[in-house]
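Engineer: Return atomic coordinates for the entry below.
(chains A, B and C)
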Amino acid sequence: MKHFLSLQDIDSLPDWVNEAITLKKDPYQYKKMGQGKTICLLFFNNSLRTRLSTQKAAMHLGMEVMVMNFGNEGWALEYEDGTIMDQGTSEHIREAAQVVSQYADIVAIRAFAGLKDKAKDEAEEVLNGFAKFASIPIVNMESSTAHPLQALADAITLAENKTKDKPKVVLSWAPHPKALPHAVANSFVTLMKGQEVEFIIAHPEGYELNPQITEGCQIETDQEKALEDADFVYVKNWSSYSEYGQVLSKDSGWMMTKEKLGNAKFMHCLPVRRNVVVEDAVLNGNQSLVIQQANNRTYSAQIILKKLLEKL
Amino acid sequence: MKHFLSLQDIDSLPDWVNEAITLKKDPYQYKKMGQGKTICLLFFNNSLRTRLSTQKAAMHLGMEVMVMNFGNEGWALEYEDGTIMDQGTSEHIREAAQVVSQYADIVAIRAFAGLKDKAKDEAEEVLNGFAKFASIPIVNMESSTAHPLQALADAITLAENKTKDKPKVVLSWAPHPKALPHAVANSFVTLMKGQEVEFIIAHPEGYELNPQITEGCQIETDQEKALEDADFVYVKNWSSYSEYGQVLSKDSGWMMTKEKLGNAKFMHCLPVRRNVVVEDAVLNGNQSLVIQQANNRTYSAQIILKKLLEKL
Amino acid sequence: MKHFLSLQDIDSLPDWVNEAITLKKDPYQYKKMGQGKTICLLFFNNSLRTRLSTQKAAMHLGMEVMVMNFGNEGWALEYEDGTIMDQGTSEHIREAAQVVSQYADIVAIRAFAGLKDKAKDEAEEVLNGFAKFASIPIVNMESSTAHPLQALADAITLAENKTKDKPKVVLSWAPHPKALPHAVANSFVTLMKGQEVEFIIAHPEGYELNPQITEGCQIETDQEKALEDADFVYVKNWSSYSEYGQVLSKDSGWMMTKEKLGNAKFMHCLPVRRNVVVEDAVLNGNQSLVIQQANNRTYSAQIILKKLLEKL
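Structural biologist: As a prediction, the model looks like this:
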């Protein structure tokens, strides 16, 4: 693994999940591995879980941590080649990436989709720009199209909670007042395609995810049918992909309820809007895994950092 | 002590003050106590002294520190139960508090009064929300109604400077162009009620603090009379409590001057507006204890963190 | 060296450059020197290189680091003496500097020129205010009129790359859409005046730097003539000094090109606007030293911190 940009960079998911579960039992066991090594966390967007859990993971490994809110604290970056930079941007990704590479051993980056321009978002200019010009490993802390640290935490959570060899997992769209990116849903779908599960994606018409990502997946527009006998229900809002970045529906009939959930375990990446995405009764009940998922963010980050440190 | 939310959480104030003074002589003596422990500082408001001194205190104890400006860097929090979260807030305190608890061993929080809605401010939704839903100790870095780390630093400063068994201490209101919270004044009054002092609160009419807090205290609206033969004069502005959050007077006659101060020592929590709250001659003179008070913020935080670490 | 405010605070530049080059080979060799010592970095302006490289330098020396964006996170500071502080500022530099001095062993400060009021900028109220009232060493991380950490990194870079005893160095003005400060140019000129070099400053008429700084320097308004047989070309925009802070020209004829550069090495402090200040071909080519200059920021900061730590 040169960079950790997506789940595809993981050599063997089951092994890494197991290793993460082992790390969780004794988080400081590799405290010496990161000594004299520095990670720089660059945030182009807000963050709570990712910010704290990635710092914590690095500290567990004995690394030094530098956190920077790039948008507010640094310079507006240019990503296009050949631009005459006489407008709003004052530093090119070519310089920024090379420069940051000299101050850290690993750089982790969060840069959300703008949801205005599909091609631009899919080009992943921030993440790929750093990956292209940096001389050190890049870690994706949620990019326009993927959130692999979340998906890896979800894999750990599923492994900790599954009670059958091939559980039924449903990814169910939920309503939300604002247009949200597809990154979490994309990475969860990608994760599911490689797992021993019965997997169904449920969403209203018009909310189809990128068909290249969902290729081969069962898709259902009847939520009730999809949820039948589910073992795990992952709920998440995303905006339309075909009518890119649009909110086509806020239909509260798609909100997850305790009744709909049945005996399934409830999953969500957080933050979650209560009584819009999911009702209180689910989050307050003992079928909810959301706090455990958040906890596993530390260990998904830690296993990735450990793998990268091993190759430095 | 489960949490440090107010002065009431201190078992024995004189003992802790003495222990803080001992820590100050050799700040790194418990450097091993916090190893492998993390504190997360969450700021919902600006901070200079609290930000740096609490970090320093944690470093003295060997802890790892994560600092987050929650308002700018995280998600807008919801505190009400049962809300349909389809408006401005995107994460509920229930999740935020549980999640943060998994990334740190202690969480410290600064969240000022809004000064618009007394009941809301007195509910201390941020501090109490975290205290209710977190699974780790909470430290108050100034909440709507209390600033106990400041009061503890003030207690240390008084102990270091008092030359008689029962000094006379005056808390004197001062003018200020903006409406300020009651937190510092409240905590200082609470502190004084438990000390061997002659204590008087002086303020113009209409500036009575919460009567539940000042119960039993001598209150004076004649500043000159209150200041007579004072040993320590603590100056502080606060907005009206009865006409909640209003600025009723900017009467510069209440500004502290060298002449009024007499032979007393001058105290203020800082930041202080020169020649509005107190004249230059006082701050520049050798009766001012404000720099020493600020220094003692490190040791008030350190004794609290030490006590919490001992119970982890 | 009490403070590091400007290049004048360096005892012996050649020795310090050599020592920095030695540090670079084994950055952690003085890891024990900074143990139990804290540096506080105060940013009044944005920063990428300075923010990360100064942190890295301090970590190399084993120091604890506290980073604060003073403008957003702290209180608006007053610098004038005797002001009645009933307007926008809420804390005086006298208190701020004394207070911060108690939480750290060294404080580093970035505060750019406002470019509105020459006398005010030249008074260096932020940097000098801290230097005057602080009780600990102050490090200049770019002030209104000087950027000595950059100049020291430039000296290291020149030492690493020079192939003759007395190279020809040209500081060439470049166009830029915005008004920029003179700090980098000033410090580079000051550096050159003490080096064994043939030094020429090239700029359009009206862009003369502070004549006290350029006294004795050869100044050329014919860029082509200045660049003849240059070994190093340092390109930088600055606004007018005589018509203080004005952009008098955006003449793209002054942009540095591969053709103009000839066989010289290209230097710039970054961030740089591509195809405005310098064309892509220069930055992408192997005559560019800009990435190495940025790397040397770590070692210029580290040698300064080491020298200050030795005297603590």
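Engineer: Relative to residue A:174, how far out is residue A:277?
Structural biologist: 4 Å (CB to CB, to the nearest Å). (C-beta placed from N, C-alpha, C; glycine too.)
Engineer: Am I right that residue A:42 is in a helix?
Structural biologist: No - counting by DSSP: H, G, I helix; E, B strand; the rest coil, residue A:42 is located in no helix; its state is strand.
Engineer: and it, what is it in contact with?
Structural biologist: Residues in contact with residue A:42 (CB atoms under 8 Å, 6 or more residues apart in numbering or on different chains) are A:68, A:70, A:100, A:107-110, A:130.
Engineer: Let's see that with 6 Å instead.
Structural biologist: Going by CB atoms under 6 Å, 6 or more residues apart in numbering or on different chains, residue A:42 touches A:68, A:70, A:109.
Engineer: Which of those residues are buried, as a ChimeraX select command?
Structural biologist: Restricted to buried positions by 16 or more other CB atoms under 10 Å in any protein chain shown, the ChimeraX selection for those reads:
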select /A:68,70,109
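Engineer: Which neighbouring elements make contact with the host helix or strand of residue A:188?
Structural biologist: Per DSSP states H and E, residue A:188 falls inside helix A:183-193. Packed against helix A:183-193, as judged by 3 or more CB pairs under 6 Å, 6 or more residues apart in numbering or on different chains; DSSP states H and E, are the following elements: helix A:148-161, helix A:211-214, strand A:232-236.
Engineer: And for whichever residue of the stretch 51-200 of chain A sits closest to chain C, the neighbour number?
Structural biologist: Using CB to the nearest CB, the single residue of the stretch 51-200 of chain A nearest to chain C is residue A:91, 3.4 Å away. By the criterion of other CB atoms under 10 Å in any protein chain shown, residue A:91 has 21 neighbours.
Engineer: Contacts made by the helix holding residue A:188 with the rest, please.
Structural biologist: A:7, A:142, A:145-148, A:150-151, A:155, A:171, A:199, A:209, A:213-214, A:234, A:236, A:238, A:269.
Engineer: circling back: excluding residues flanking it in the chain, which one is nearest the residue of the stretch 51-200 of chain A closest to chain C?
Structural biologist: residue C:271 (3.4 Å; CB to CB, 6 or more residues apart in numbering or on different chains).
Engineer: Run through the strands of the stretch 101-250 of chain A in chain order.
Structural biologist: For the stretch 101-250 of chain A, applying DSSP state E, counting those that start in this stretch gives strands covering A:106-110, A:138-140, A:168-173, A:198-202, A:218-220, A:232-236.
Engineer: Nearest approach to chain B belongs to which of the ones you listed?
Structural biologist: Taking CB to the nearest CB, strand A:106-110 is the member of those nearest to chain B, at 10.9 Å.
Engineer: contact partners of the closest one?
Structural biologist: So strand A:106-110 is contacted by A:39-43, A:45, A:47, A:54, A:100, A:127, A:130, A:137-139, A:141-142, A:308 (CB under 6 Å, 6+ apart).
Engineer: Give me the pLDDT for the closest residue to residue A:199 other than its chain neighbours.
Structural biologist: Spatial nearest neighbour of residue A:199, chain neighbours left out: residue A:192 (4.3 Å); criterion: CB to CB, 6+ apart. At residue A:192, the predicted lDDT confidence score is 98.
Engineer: Please apply the same query to the one 10 residues further on.
Structural biologist: Note on residue A:202: pLDDT of 98.
Engineer: before we move on, the earlier item: what angle do the helix holding residue A:188 and strand A:232-236 make?
Structural biologist: On the basis of axes from the mean of the first three to the mean of the last three CA atoms, to 10 degrees, helix A:183-193 is oriented at 150 degrees to strand A:232-236.
Engineer: Could I get the CA-only coordinates of the worst-scoring helix or strand of chain A on mean pLDDT as PDB?
Structural biologist: Scoring the helices and strands of chain A by mean pLDDT, DSSP states H and E places helix A:70-73 at the bottom, with a mean of 90. What follows is helix A:70-73, C-alpha atoms only, in PDB (Å, rounded to 0.1, in the frame of the first residue of the first chain):
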ATOM      1  CA  PHE A  70      -6.300  24.200   5.400                       C
ATOM      2  CA  GLY A  71      -9.100  26.500   4.200                       C
ATOM      3  CA  ASN A  72      -8.900  28.900   7.100                       C
ATOM      4  CA  GLU A  73      -5.200  28.700   8.100                       C
END
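Engineer: Alright, that wraps it up for me.
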